[in-house]
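Participant: Have a look at this prediction, sequence included:
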Amino acid sequence: MFNHLTLAISIFVLTYVIIMSEKINRTAIAMFGAVLLLLFNIESQEMALEHVDFNTIGLLIGMMIIVNIMKKTGIFQYIAIVSAKFVKGEPWKIIVIFSIITAASSALLDNVTTILLIVPITLVITETLGANPIPFLIPLILMANIGGTATLIGDPPNIMIGSATGLGFLDFIQNMTPITIVIFIVTLFLLKLIYKKDLNATEEQKAKIMALNEALAIKDRALLKKSLFVLFLTVFGFMFHQSFGYESATVALFGAGLLLLLSKIDPEEILLEVEWPTIFFFTALFILVGGLVEVGAIDFLAEKVLAITHGNMVMTMLLILWGAAIASAFLDNIPFVATMIPLIKSIGAMSAISITPLWWALALGACLGGNGTLVGASANVIVSGMLEKKGRRIGFLNYMKIGFPLMIISIVLSTVYLLIFYV
Amino acid sequence: MRKLINAEVLEHSMKLQQMGGKINIVNSKLCYVSFDISGFELMYVYNINKKGNYFLERIKPYPLPLKEFESENDVVDIIAIDLEQFKNAIKSHHSSEFVDAGRMLIEVLKKFEDLYLYYNISTEHMNEMMNQLNKFAEQIKQVKSESERLYFKKEPENL
């Protein structure tokens, strides 16, 4: 008969392999794996629920509610049209300004949400310009993943790290935003070298952009004012949540509740749009990883990592940064980070290493690594799917030729940053 | 995937707004219903939602909007009557001719609309076509008056 350790590791590995293979829906297999842990009494139901990070879950749900109400106002289309007209329909300048919008939005919303809002608008703009959308969309994929790296709420790995460690919104702003800005600028400069010569538009096409009417984009002015007020209040709450002693989920759920109340929209209509499969996926992952913690597998792994790095902080940090980046370029970064969090905690408990830099290394590696390939992040997969529906194909290798070197450059910059400021 | 559909809706909305359209997006269920009456396929599509804007359309044997209905319960009653009428009608010697004629009328309607949208036709031609249509409408009334009625549970809605 299998003992609990072997059984837990087998269920965990099998579940993760199936998730990575993408042969079966990730939520379905993660839930099944999590329930198997309960069925085999590796974790009790009560213990499993204790492993669920309700701060991460609450933050995700809260932000999804706020965004789903906000997008009804038409604010994103309005900003896009004003921006495209501001640069007078010049293709490269549109890419620059849309990259800024994408990175900034992605810092406040999760990457997938940002992409789902900005890409449809970009497709309308490129169609109006009569341009190939691919040179516009690849920069947006990269910038969504880069922008998301900057803040606590920008990307699910950061939410999970913040929640597990108590690192707050301002901690992320102080430690992640500066390097993210540098990576954004360097990436944009390199993209200019790659794409500038391919981007042309006639005066007639630019005139069509100038003829777009931003006023038509705003659907509900009253809702827009309420949404902006709540968004401002929520961002303010995130900035000071640690000073007030609140968890970040409390802030997001307060914003969501207040906006639901003020908007008077049927809550059922908004809650339908919450990405419940993602929420259940996270919940199941927390239970799966919790199983490994309970049987001592995480402590065992931590010992092995320390044996490789000899307890050296710099080596451990670089191993986490580069390991996370390469893994996230090919695999879903959420299960990876879910496993790394207890592992890093165990490393901290077993050694004298200061683990705070390790969290930044994990966040940078997991978030930026997603830029490496077309399957590296959900945002990439979604853009690729949207383009295929339009009869256009980015192609795994075509994307990788651009994305992978740019990802490596961003990780090199992150390495330099971590070595200068945290060693 | 729901989020991809939402992204597509967003793209459509932006284009339609720029054309001056007002878009009201309603969460709804679209239901397809099909019946096999001894090899004769009858198919309907209807939409059901919380906002009270429902529609029901028969899509086979030929497409025909049946009715906007007021309550979701009405849709089953309407389909039940339509189904019963078709079960009855396919026993007719002329069943296949009726179905072919129905399809032909829809084709004629599409061609007629193309005339309107693509061509500037003369008054003589317009009058001639209107006369033909009036004659056809009169003929339907005449055939009705000279034919035996077979279905009595409900009065005809258009005749």
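Facilitator: Yes, it's here.

Participant: For the residue in chain A that chain B sits nearest to, the count of nearby residues, please.
Facilitator: Taking CB to the nearest CB as the measure, the point where chain A comes nearest chain B is residue A:120, at 3.6 Å. Glycine gets a C-beta too; all of them are placed from N, C-alpha and C. Other residues within reach of residue A:120, judged by other CB atoms under 10 Å in any protein chain shown, total 24.

Participant: could you say which helix or strand contains the nearest residue to it once chain neighbours are set aside?
Facilitator: The shortest distance from residue A:120 to any residue other than its chain neighbours is 3.6 Å, reached at residue B:11 (CB to CB, 6 or more residues apart in numbering or on different chains). Element membership of residue B:11 [criterion: DSSP states H and E] is helix B:2-18.

Participant: give the contact list for the residue lying closest to residue A:15 once chain neighbours are set aside.
Facilitator: Nearest-residue entry for residue A:15: residue A:33, 3.2 Å, with adjacent residues in sequence omitted and distances by CB to CB, 6+ apart. Remark: with contacts taken as CB atoms under 8 Å, 6 or more residues apart in numbering or on different chains, residue A:33 is in contact with A:11, A:12, A:14, A:15, A:284, A:288.

Participant: Which members of these are positioned in helices?
Facilitator: Of the contacts of residue A:33, the ones assigned to helices by DSSP state H are A:11, A:12, A:14, A:15, A:284, A:288.

Participant: ok but the residue of chain A closest to chain B is inside a helix, no?
Facilitator: Yes: under DSSP: H, G, I helix; E, B strand; the rest coil, residue A:120 falls within a helix.

Participant: Write out the residues of chain B neighbouring chain A.
Facilitator: Listed as neighbours of chain A in chain B under the rule CB under 8 Å from any CB of the partner chain: B:1-4, B:6-8, B:10-11, B:13-15, B:17-18, B:20, B:23, B:27, B:50.

Participant: Just the buried subset of those, please.
Facilitator: Burial of the residues of chain B next to chain A was assessed by neighbour count (16 or more other CB atoms under 10 Å in any protein chain shown); the buried members are B:3, B:6, B:7, B:10, B:11, B:13, B:14, B:17, B:18.

Participant: Tell me who's in contact with the second one.
Facilitator: What that stands for is residue B:6. Residue B:6 makes contacts with A:116, A:273, as judged by CB under 8 Å, 6+ apart.

Participant: Let's see that with 10 Å instead.
Facilitator: Counting by CB atoms under 10 Å, 6 or more residues apart in numbering or on different chains, residue B:6 touches A:68, A:71, A:116, A:117, A:120, A:273, B:25.

Participant: The nearest residue to residue A:344 once chain neighbours are set aside - how many residues pack around it?
Facilitator: When the adjacent residues along the chain are set aside, residue A:344 lies closest to residue A:358, with 5.1 Å between them (CB to CB, 6+ apart). Taking other CB under 10 Å as the criterion, the count of residues near residue A:358 is 26.

Participant: for residue A:34, phi and psi?
Facilitator: Note on residue A:34: its backbone torsions stand at phi -60, psi -40 [degrees, to the nearest 10].

Participant: my read: it touches residue A:19, true?
Facilitator: No: shown here, residue A:34 and residue A:19 do not form a contact pair, counting by CB atoms under 10 Å, at 11.8 Å.

Participant: what sits in contact with each of the two?
Facilitator: Overlap of the contact sets of residue A:34 and residue A:19 (by CB under 10 Å, 6+ apart) consists of A:284, A:285, A:288.

Participant: residues contacting the residue nearest to the first one when sequence neighbours are not counted?
Facilitator: Put plainly, it is residue A:284. For residue A:284, the nearest residue in space outside its immediate sequence neighbours is residue A:30; the separation is 3.7 Å by CB to CB, 6+ apart. Residue A:30 makes contact with A:15-16, A:18-19, A:24, A:277, A:280-288, A:334-335, A:338 under the criterion CB under 10 Å, 6+ apart.
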